[in-house]
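Asker: got a predicted structure here, sequence first:
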Amino acid sequence: MDRRTILKLAPCAAAAQLLTRAAPLVEDDLTITGVRLVTMRPKRPVPRYEPAPGSWSTGGVEVANPVSIYPKYKPMRSLFRADGPRTGSFWVEISTNKGVKGYGPGGPGGGVIVEDHLTKLLIGENPLDIQRLWDIMWRSTMSYGRKGVTVNAISGVDVALWDLAGKVWNVPVWRLLGGRIHERIPCYCTGNDIEQHVEFGYTRLKLALPYGPADGREGIRKNVELVKRARAAVGPDGDVLMDCWMALTERYTLELAEAFEPYNVYWIEEALPPDDFEGFGRLRQKITSTRIVTGEHVYTRYGFRQLLRVNGAEIWQPDIHWCGGMSELVKIAHMAAAHDIPVIPHAGGQRDAVHFIYATPNSPWAEMFMPAPGGPDVVYERYEEDNNLTRGPEGIYTRPSDGPGFGWDVEPEA
């Protein structure tokens, strides 16, 4: 560009600067004025009902778990899981001086950290400084956190900030993440109501492993019977996945993989305690008949860096409500992409994580859960509508909302 052209354009540039100063963007003076925990309710509730007798989804069934080695706690998870009012998952509402509010769910026990610590770090800040606020929360809790409850708290706040940002700019979060990659997202369904899930249209099923090391060879035989049933239901072209929920040992996992080999199990998920990174690495070296995957209880990019160092999982499965929120989930996915590792988030079909999948090249599937069998037709019709479900060659597909933020289908009770 020559000098004459520059002189001609100079007045236009000066005018643009004056216009910018005269009309500041709405986000320039946006501040957080309130942070509170809220109870959410469906915007369009469905009728309550008693699930059909024998439904796996009732929860009163045996599932292999880390405490299965103790007979007292073996029959069901509810016997040992926390059930106090401050130890469960939570929702946080972040409000601003412009009346815009964001909502985000966080993991178990995180609510108390939000109320007693994170709130004071957020009040008066610009909610659109999402990365800055994440870093402040992380550094401020580092002395007592870094995993578990503390990162669960940061996750809920971070998700609420992304929701708020989408509302400020009146776009869905997947737009903020760079736009869509997938036209629609193939899904798998988790749960052992196999026939219900296949009848609905799912061709990929993830089963909860019923039996673990405490059940010996008989337990392996019963696990194989479940897999055999699922393989018959989905046929040779469907996929059967196994969730072991931190319940196994290395030896038991090796025996299980061998027993599953005739049924072409797609993956064995979270077989070992989540911090046994070296154990996962050894399993990957020894097992070639299926994929070893994990990640729902791995926290932040630093945990996944440890998993990467030992080549511990062929697929990573971070949970947006536990790993550090959307901000950290994106960082984890970028690290995975540099090593050609798919990221399939735990519970990824939820209405926030699905925005991530929609906009992420190395995130191919979403995990879905169905309402228990035995309900009126409206329950399953609403399930289909609320999750934007469609059908196609890979079974069931989903996609995120096009509304601003995450497009939540829930709202605060008060």
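Answerer: Received it, and whenever you're ready, just let me know what you need. Since this is a predicted model, take the numbers as computed values, not measurements. Numbering: from 1, shown residues only.

Asker: contacting residues for the closest residue in space to Lys98 that isn't next to it in sequence?
Answerer: The shortest distance from Lys98 to any non-neighbouring residue, by CB to CB, 6 or more residues apart in numbering, is to Leu30 (5.6 Å). Heads up, the C-betas are built off the backbone N, CA and C, glycines and all. Contacts for Leu30 (CB atoms under 8 Å, 6 or more residues apart in numbering) come out as Thr96, Asn97, Lys98, Val100, Asn126, Pro127, Leu128, Val168.

Asker: list only buried entries from these.
Answerer: Applying 16 or more other CB atoms under 10 Å to the contacts of Leu30, the neighbour count classes Thr96, Val100, Pro127, Leu128, Val168 as buried.

Asker: give me the subset of these lying in strands.
Answerer: Those of these mapping onto strands are Thr96, per DSSP state E.

Asker: and of the buried ones among the contacts of Leu30, the nearest to Asp409?
Answerer: Ranked by distance to Asp409 (CB to CB), the buried ones among the contacts of Leu30 are led by Val100 at 18.9 Å.

Asker: how about the helices in the protein?
Answerer: 3-22, 111-113, 119-122, 130-141, 148-169, 173-176, 194-200, 216-234, 250-260, 277-286, 300-309, 325-337, 353-358, 377-386 (DSSP state H).

Asker: and the average pLDDT for the shortest one is what?
Answerer: Meaning helix 111-113. For helix 111-113, mean pLDDT rounds to 98.

Asker: report the separation between Gly219 and Pro71.
Answerer: 14 Å (CB to CB, to the nearest Å).

Asker: more neighbours, these two?
Answerer: Between Gly219 and Pro71, counted using other CB atoms under 10 Å, the more crowded position is Gly219 (19 against 8).

Asker: ok, back up a step: a markdown table for the contacts of Leu30, including pLDDT and distance to Arg86?
Answerer: Below are the contacts of Leu30 laid out as a markdown table (pLDDT from 0 to 100; distance: CB to CB, whole Å):
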| residue | pLDDT | distance to Arg86 |
| --- | --- | --- |
| Thr96 | 98 | 26 |
| Asn97 | 97 | 29 |
| Lys98 | 96 | 31 |
| Val100 | 97 | 28 |
| Asn126 | 98 | 29 |
| Pro127 | 98 | 25 |
| Leu128 | 98 | 30 |
| Val168 | 97 | 31 |
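
Asker: distance to Gly54 added to those residues, as a markdown table?
Answerer: Listed next are the contacts of Leu30 as a markdown table, based on distance: CB to CB, whole Å:
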| residue | distance to Gly54 |
| --- | --- |
| Thr96 | 49 |
| Asn97 | 54 |
| Lys98 | 52 |
| Val100 | 47 |
| Asn126 | 53 |
| Pro127 | 47 |
| Leu128 | 50 |
| Val168 | 48 |
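
Asker: with respect to Gly324, which of the buried ones among the contacts of Leu30 is nearest?
Answerer: Among the buried ones among the contacts of Leu30, and counting by CB to CB, the member closest to Gly324 is Pro127, at 17.2 Å.
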